[in-house]
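Asker: Quick one, structure for this:
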Amino acid sequence: MIQITGLTLSYGPKVLARDITFHIAPGECLLLAGRNGCGKSTLLRYLSDAHAKFVLIPTNIPKVKGFTLEEFVRTGCFRESNWAGKLNAQTERRLQESLKVLGLQAQAGQDISTLSDGEFQKACIAVGLTRQADVLLLDEPTAFLDVENRLMVLETLRRVADDTGMAVLFSSHDLHDSLRVASRVLAFTPDGTFLESAPDNMAQTIQAAFPTY
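Answerer: I've put the predicted structure just below:
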């Protein structure tokens, strides 16, 4: 269990929210919701910078031609590599396990430029799994995806939490689809209040964050 208590979140001189308090349990898949500019991205960056076991997965990087999927994941794990860029045996095993969990073994040797957007998002998730984070953080992982790929990514996040015991915290404006996979909701209200739902009041928390939803 990870507990965050009494955090004040600011963007430059502007205070976005005070007394941010919530917990994250292993295996949870948490939706972070709120209007544009409320502080979702700022909170995710803060958690990534302040806690070593929170890993922020990039969701807006280009699919550069010339890297296989497996090479891309290895490159993303540079912090776990030695001076020659080689992963140790334990991290290498985690990489292969991550590809298996995500159903990417068949695409391991495929150039990332040829992957669908949904498959590429799964490759980005594989970086976080290989790095063995306690909590995977994703900022709008379904943005600009079509319906099929959006559902694929959301279902993947739920499966990762269920199968690995890692927690997943992701922001999204796709509220309807995201609520289908979320264990609970964290949300910013328009007046800067931060809310943490229980499993049985997620809809009420969303309503508080989006009064006209």
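Asker: same question for the longest helix seen in the chain, mean pLDDT?
Answerer: As assigned by DSSP state H, the longest helix anywhere in the chain is helix 147-164. In this model, helix 147-164 has an average pLDDT of 91.
Asker: In this protein, where is pLDDT below threshold?
Answerer: The model of the chain has pLDDT under 70 over residues 80-85, 213.
Asker: would you list every one of the helices in it?
Answerer: 40-50, 69-76, 89-101, 117-130, 147-164, 175-179, 202-209.
Asker: The longest helix of the chain: which residues count as buried?
Answerer: Buried positions in helix 147-164, judged by neighbour count with 16 or more other Cβ atoms under 10 Å: 149-154, 156-157, 159-161, 164. (C-beta placed from N, C-alpha, C; glycine too.)
Asker: Take these and write them to JSON lines, including distance to residue 10.
Answerer: Listed next are those as JSON lines, based on distance: Cβ to Cβ, whole Å:
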{"residue": "149", "distance to residue 10": "34"}
{"residue": "150", "distance to residue 10": "32"}
{"residue": "151", "distance to residue 10": "35"}
{"residue": "152", "distance to residue 10": "36"}
{"residue": "153", "distance to residue 10": "30"}
{"residue": "154", "distance to residue 10": "30"}
{"residue": "156", "distance to residue 10": "33"}
{"residue": "157", "distance to residue 10": "28"}
{"residue": "159", "distance to residue 10": "35"}
{"residue": "160", "distance to residue 10": "31"}
{"residue": "161", "distance to residue 10": "30"}
{"residue": "164", "distance to residue 10": "33"}
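Asker: Any idea how many residues pack against the residue lying closest to residue 120 once chain neighbours are set aside?
Answerer: Counting by Cβ to Cβ, 6 or more residues apart in numbering, residue 120 lies nearest to residue 63, which is 5.5 Å off, once chain neighbours are set aside. If you count neighbours by other Cβ atoms under 10 Å, residue 63 ends up with 16.
Asker: right, and residue 63 touches residue 112 too?
Answerer: Yes - between residue 63 and residue 112 there is a contact under Cβ atoms under 8 Å: 4.9 Å.
Asker: Mind listing the shared neighbours of these two?
Answerer: Shared contacts of residue 63 and residue 112 (Cβ atoms under 8 Å, 6 or more residues apart in numbering): residue 120.
Asker: Quick check: beta-bridge partners of the residue nearest to the spatial centre of the chain?
Answerer: Most central in the chain under Cα atoms, centre = their mean is residue 138, positioned 2.5 Å from the mean C-alpha point. Here residue 138 sits in beta bridges with residue 57, residue 170, as judged by DSSP bridges.
Asker: is it true that it touches residue 166?
Answerer: No - with contacts counted by Cβ under 8 Å, residue 138 stays clear of residue 166, the gap being 12.0 Å.
Asker: Which segments of the chain make up each domain?
Answerer: Here the domain parsing of the chain from automatic domain parsing is 1-53+135-213, 60-132.
Asker: circling back: ok, so of the buried residues of helix 147-164, who is nearest residue 203?
Answerer: residue 154 (17.5 Å; Cβ to Cβ).
Asker: Please name the residues that touch that closest one.
Answerer: Residue 154 makes contact with 142, 174, 177-178, 180-181 under the criterion Cβ under 8 Å, 6+ apart.
Asker: which of the residues you listed count as buried?
Answerer: Neighbour-count burial (16+ other Cβ under 10 Å) applied to those gives 142, 174, 177-178, 181.
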